[in-house]
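Asker: model the structure of this input:
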Amino acid sequence: MSESKKIKEEFKKYFDIPLKMVFDLASTKVTVRELLNWKEGDVVETNKMAGEYINIDLEDRPLGTGEVIVIDNKFAIRITTIFTKDDLMELNVK
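Answerer: Next comes the predicted model:
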């Protein structure tokens, strides 16, 4: 077996590890009074619209950016950039 295939086989055991991803889609400010009055079914307006760019984090670290799009009347995220190691060094991410 080649070295490349051995490495791929070794990494297979990591494929099913769950990771927390955050898409910075919604950001808004509310007062404590508003928050305490929320009930199921309420709508909270956000500052993001279709066509805007958002940050994507993986395990609380920057992963890239995406664009808010609408598909079949549902919001979705199109991945536009996945940061390289050099990008992260430039962003000063450890």
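Asker: what about dumping the CA coordinates of the helix or strand of the chain with the lowest mean pLDDT to PDB?
Answerer: Least confident helix or strand of the chain, by mean pLDDT, DSSP states H and E, is helix 85-90 with a mean of 80. What follows is helix 85-90, C-alpha atoms only, in PDB (Å, rounded to 0.1, in the frame of the first residue of the first chain):
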ATOM      1  CA  LYS A  85      -3.300  28.700   6.600                       C
ATOM      2  CA  ASP A  86      -1.800  32.000   5.200                       C
ATOM      3  CA  ASP A  87      -5.200  33.700   5.400                       C
ATOM      4  CA  LEU A  88      -5.600  32.700   9.000                       C
ATOM      5  CA  MET A  89      -2.000  33.900   9.900                       C
ATOM      6  CA  GLU A  90      -2.900  37.200   8.300                       C
END
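Asker: top helix in this structure by residue count?
Answerer: helix 3-11 (DSSP state H).
Asker: contacts for that one?
Answerer: With contact meaning CB atoms under 8 Å, 6 or more residues apart in numbering, helix 3-11 is reached by Met1. From N, CA and C alone the C-beta is placed, and that goes for glycine too.
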